[in-house]
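Engineer: Sequence and computational prediction follow.
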Amino acid sequence: MPLAKAADDTAINYELHGRGQRVLLLLAGQSNNRHWWDCVLPDFAESFLVVTIDYRGTGDSGKPDTDSYSTRGFAEDAMAVLDAIGADRFDVYGTSMGGRVAQWLAADNPGRVNTLVLGCTSPGQSHGVERSPEITRALGQRDKAAVRKALLELMYSPEWLKTHPGPYNTIGDRAMPSYALRRHRKASAAHDSWAVLPSISAPTLVVHGTDDIFNPTANAPLLADRIPGAKLELIEGARHAYFEEYRAIASPLVLDFLLGQP
């Protein structure tokens with residue numbers, strides 16, 4: 001597998017899909033790897049050269065037990081990959097924590113990000129809307145089966161789960177070391193991009209499910225109002241993994257936006 005070297009020499013694994021002229025970087029959620037996107041990859045690989053990565057601490061990337069985990073740091077790791085493949089300009093689609101990482105990419109690299117899509121994400125705790133304490137408690141249980149059940153119900157509707165028995169690629173990289181899992185959680189919780197959001201110049205689409213309580217839907221208009229000219233689209237009935245359960249709506253929506261930009 002191809003590897004890029006981050007600034008601290010951590011190896012960052014990536015994969016390339018498709019043969020499009022434009023490069024599209026897909027960024028996964030917290031404590032997840034490149035397989036987060038497996039279900040919908042074909043939707044984008046027809047039009048783009050799609051790049052998926054394993055964050056440090058996940059998949060086949062390096063897993064340093066250091067204070068090198070942050071959403072801005074993940075963005076710098078992604079830039080190391082984009083530099084390695086010679087992508088001068090690129091489009092970015094990030095969901096959940098990947099949307100937080102994508103915010104830094106766009107803010108820190110205004111001359112290189114062509115178009116930005118932020119899915120089911122937020123500006124961070126300082127200015128965003130946090131999930132309820134009940135959800136936090138449910139995800140903090142010692143019973144791993146109970147945590148898995150709670151996470152699946154936050155990601156997907158009961159109707160979808162009845163007809164889709166898995167495997168599920170959105171509920172975490174099970175091979176992550178415990179220290180990397182903790183560092184991912186801290187990195188996502190510490191995210192705060194509020195001050196730089198008005199500086200984002202790339203055309204931006206904010207997408208969210210109306211029934212997302214894992215990352216509350218109220219964060220979507222906050223982002224859209226804060227980023228100049230951003231467009232907001234809410235997918236009725238969708239929970240956190242809207243891009244998978246509502247693929248038939250979400251993928252065309254995002255593609256239309258991406259391809260509609262020069």
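Structural biologist: Cool, got the structure.

Engineer: Shouldn't residue 116 be within a strand?
Structural biologist: Yes - residue state for residue 116 (DSSP: H, G, I helix; E, B strand; the rest coil) corresponds to a strand.

Engineer: Near it, how many residues? Count them for me, please.
Structural biologist: Using other C-beta atoms under 10 Å, residue 116 has 27 neighbouring residues. Bear in mind the C-beta positions are built from the backbone N, C-alpha and C, glycine included.

Engineer: what is it paired to in the beta sheet?
Structural biologist: residue 92, residue 204 (DSSP bridges).

Engineer: so it touches residue 102, yeah?
Structural biologist: Yes - with contact taken as C-beta atoms under 8 Å, residue 116 and residue 102 are classed as touching, separated by 6.2 Å.

Engineer: and for those two, which residues touch both?
Structural biologist: Taking C-beta atoms under 8 Å, 6 or more residues apart in numbering as the criterion, residue 116 and residue 102 both touch 92-93.

Engineer: helices or strands up against the strand or helix carrying residue 26?
Structural biologist: Remark: residue 26 resides in strand 22-27, with elements defined by DSSP states H and E. Counting contacts by 3 or more C-beta pairs under 8 Å, 6 or more residues apart in numbering; DSSP states H and E, strand 22-27 is packed against helix 41-45, strand 48-53, helix 71-84, strand 90-95, helix 97-108.

Engineer: Any chance of CSV for the ones you listed, columns mean neighbour count and mean pLDDT?
Structural biologist: As requested, the helices and strands packed on strand 22-27 are exported to CSV (neighbours: other C-beta atoms under 10 Å; pLDDT from 0 to 100):
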stretch, mean neighbour count, mean pLDDT
helix 41-45, 17, 97
strand 48-53, 24, 98
helix 71-84, 22, 98
strand 90-95, 28, 98
helix 97-108, 27, 98
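
Engineer: Select, out of the ones you listed, the one closest to residue 166.
Structural biologist: Each of those was scored for nearness to residue 166 using C-beta to C-beta, and the closest is helix 41-45 (17.6 Å).

Engineer: From residue 139, how far out is residue 133?
Structural biologist: From residue 133 over to residue 139 the distance is 11 Å, taken as C-beta to C-beta, to the nearest Å.

Engineer: State the distance from the closest residue to residue 82 other than its chain neighbours to residue 51.
Structural biologist: The shortest distance from residue 82 to any residue that is not its chain neighbour, by C-beta to C-beta, 6 or more residues apart in numbering, is 5.8 Å, and that residue is residue 90. The gap separating residue 90 from residue 51 is 8 Å, by C-beta to C-beta.

Engineer: For the residue nearest to residue 18 when sequence neighbours are not counted, list the residues it contacts.
Structural biologist: The spatially closest residue to residue 18, leaving aside those adjacent along the chain, is residue 45, at 3.2 Å (C-beta to C-beta, 6+ apart). Residues touching residue 45, when contacts are defined by C-beta under 8 Å, 6+ apart, comprise 17-18, 20.

Engineer: Take those residues and keep only those in strands.
Structural biologist: Of the positions in the contacts of residue 45, residue 17 sit in strands, assigned by DSSP state E.

Engineer: State the mean pLDDT of the strand or helix carrying residue 185.
Structural biologist: With the criterion set as DSSP H and E, the secondary-structure element containing residue 185 is helix 178-189. Throughout helix 178-189, pLDDT has a mean value of 97.

Engineer: just checking, what packs against it?
Structural biologist: For helix 178-189, the elements it packs on are helix 71-84, helix 97-108, judged by 3+ C-beta pairs under 8 Å, 6+ apart.

Engineer: Show me the one of those that comes nearest residue 196.
Structural biologist: helix 97-108 (4.0 Å).

Engineer: what's that closest one in contact with?
Structural biologist: Residues external to helix 97-108 that are found in contact with it (C-beta under 8 Å, 6+ apart): 25-30, 36, 71-72, 74-75, 78-79, 92-94, 113, 116-124, 184, 187-188, 191, 193, 196-197, 199-202, 204.
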